[in-house]
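Visitor: Predicted model, plus sequence, below.
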Amino acid sequence: MKKILITGGSGVLGSNLAFLISSYYKVVVQYYNNFANINNCQSIKLNLLNKEEIKNYILKELPEVVIHTAALTNPDYCEEHKEEAYLVNTEATKAIALACQRIDAKFIFLSTDLVFGGEKSFYKEEDTVAPLSYYAKTKVWAEEYILSLDLDYTIIRTAVLYGFGNSSHLSFSDWLLQGFLEHKERKLFIDQYRSPILVNNLVRCIMEIIEKDLKGLYHIGGSQKINRYDFGRIMADIFKFNSDLLIPIKAETMNFKAKRPVDCSLNIESIKRDLNTKILDVQEGIDELRSLYLNNYQKKKDS
């Protein structure tokens, strides 16, 4: 059974990834501020600001695969805390990549669609990056370093995630669902386009990447370009909530510290060609999410 280290075990992707793959692999999850308590997984507290700590752990424990999901991902926070963002998002990634190279472990790095400038739609892997925010720059610098190494790597640029979050990290769909249930308005952008993906769908892709040992740079988002307002309306329809709670606004009216691209939707033809896993559109993804919520509710009711 392969030993897999997942950084960012308390995040939306890290926690779902650990939970869903723990039946197939020996999983260790790294956390720092928020304890990652996931069934069938070992948790280890490591500070990504301490490069030696994470590097020495990898060199000692010898995981066969390291999936690096941990990052400071709030663009506005990164814009105002550039040193911390650089240390966590770039320098820690370099240290982990070097450790993986030394022990010949596979390194899977989660990057972002925000590396693009937003002048077009459906960006391909070979398109030139043009990061608008400091957060996106830290991810580009990390990507460039990984590409410079003789390393078994997979870089995944992904988009907005939705699905089950947790007490410390709500997903986009959690935030919407919370608003619906509490009858609170949610203001949603109509002028920014991305390729949102159900976290379970992304996990299935990552599992197949591990099994096939795919190497290279891949875009993995949902199969549909959409703005947040239209996403919210589809979710309201599928979950049978009142879409009048959704208020369309323009992102340009927000006083963001960091710039965001207008359109960073992803072309996913490469990953569709190399994987058997189906990439869901928004309707299919939210249908699956609703089933997951209903199944989870039924389990709690029966227990």
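Guide: On my side now, so go ahead. Numbering: from 1, shown residues only.
Visitor: what secondary structure does N39 sit in?
Guide: Three-state assignment for N39 (DSSP: H, G, I helix; E, B strand; the rest coil): coil.
Visitor: Quick check: pLDDT value at it.
Guide: On pLDDT, N39 comes in at 86.
Visitor: Could you pull up the residues touching it?
Guide: With contacts taken as CB atoms under 8 Å, 6 or more residues apart in numbering, N39 has the following neighbours: 19, 22. In this view, the C-beta of every residue, glycine as well, is placed from N, C-alpha and C.
Visitor: how much space between G118 and D152?
Guide: G118 sits 32 Å away from D152 when distances are taken as CB to CB, to the nearest Å.
Visitor: quick one: the helices in the stretch 51-200 of the chain?
Guide: Secondary structure of the stretch 51-200 of the chain by DSSP state H, counting those that start in this stretch: the helices cover 51-61, 75-80, 82-86, 92-103, 134-148, 172-182, 199-212.
Visitor: Same list as before, the ones you listed that is, but in a markdown table and with mean pLDDT and distance to Y229 included.
Guide: Converted to a markdown table, the helices of the stretch 51-200 of the chain look like this (pLDDT from 0 to 100; distance: least, CB to CB, whole Å):
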| stretch | mean pLDDT | distance to Y229 |
| --- | --- | --- |
| helix 51-61 | 95 | 39 |
| helix 75-80 | 97 | 20 |
| helix 82-86 | 97 | 29 |
| helix 92-103 | 97 | 33 |
| helix 134-148 | 98 | 23 |
| helix 172-182 | 95 | 11 |
| helix 199-212 | 97 | 21 |
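Visitor: possible to save those helices as a markdown table with mean neighbour count and distance to F35?
Guide: As requested, the helices of the stretch 51-200 of the chain are exported to a markdown table (neighbours: other CB atoms under 10 Å; distance: least, CB to CB, whole Å):
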| stretch | mean neighbour count | distance to F35 |
| --- | --- | --- |
| helix 51-61 | 16 | 17 |
| helix 75-80 | 18 | 21 |
| helix 82-86 | 15 | 21 |
| helix 92-103 | 21 | 19 |
| helix 134-148 | 20 | 25 |
| helix 172-182 | 17 | 19 |
| helix 199-212 | 20 | 20 |
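Visitor: Of those helices, which is nearest I238?
Guide: Nearest to I238, of all those, is helix 172-182, at 10.7 Å by CB to CB.
Visitor: what helices or strands is that closest one leaning on?
Guide: Using 3 or more CB pairs under 8 Å, 6 or more residues apart in numbering; DSSP states H and E as the contact criterion, the elements in contact with helix 172-182 are strand 161-162, strand 186-189, helix 228-239.
Visitor: and the residue lying closest to G9 once chain neighbours are set aside, what are its bridge partners?
Guide: Nearest residue to G9, sequence neighbours excluded (CB to CB, 6 or more residues apart in numbering): V29, at 2.8 Å. V29 forms beta bridges with I6, S43, as assigned by DSSP bridges.
Visitor: low-scoring stretches of the protein, by residue?
Guide: Judged by pLDDT under 70, the chain has its weakly predicted residues at 297-303.
Visitor: pull the CA atoms of the lengthiest helix in it into PDB?
Guide: Scanning the chain for the longest helix, with DSSP state H as the assignment, gives helix 282-302. The C-alpha trace of helix 282-302 is given here as PDB (Å, rounded to 0.1, in the frame of the first residue of the first chain):
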ATOM      1  CA  VAL A 282     -22.000  22.400 -13.100                       C
ATOM      2  CA  GLN A 283     -25.400  20.700 -13.400                       C
ATOM      3  CA  GLU A 284     -23.900  17.300 -13.000                       C
ATOM      4  CA  GLY A 285     -21.600  18.400 -10.200                       C
ATOM      5  CA  ILE A 286     -24.300  20.000  -8.100                       C
ATOM      6  CA  ASP A 287     -26.600  17.000  -8.700                       C
ATOM      7  CA  GLU A 288     -23.900  14.800  -7.200                       C
ATOM      8  CA  LEU A 289     -23.300  17.300  -4.400                       C
ATOM      9  CA  ARG A 290     -27.100  17.200  -3.500                       C
ATOM     10  CA  SER A 291     -26.900  13.400  -3.400                       C
ATOM     11  CA  LEU A 292     -23.900  13.500  -1.100                       C
ATOM     12  CA  TYR A 293     -25.700  15.900   1.200                       C
ATOM     13  CA  LEU A 294     -28.800  13.700   1.300                       C
ATOM     14  CA  ASN A 295     -26.800  10.600   1.900                       C
ATOM     15  CA  ASN A 296     -24.900  12.300   4.700                       C
ATOM     16  CA  TYR A 297     -28.100  13.500   6.300                       C
ATOM     17  CA  GLN A 298     -29.700  10.000   6.100                       C
ATOM     18  CA  LYS A 299     -26.600   8.500   7.800                       C
ATOM     19  CA  LYS A 300     -26.800  11.000  10.600                       C
ATOM     20  CA  LYS A 301     -30.500  10.400  11.000                       C
ATOM     21  CA  ASP A 302     -30.000   6.600  11.100                       C
END
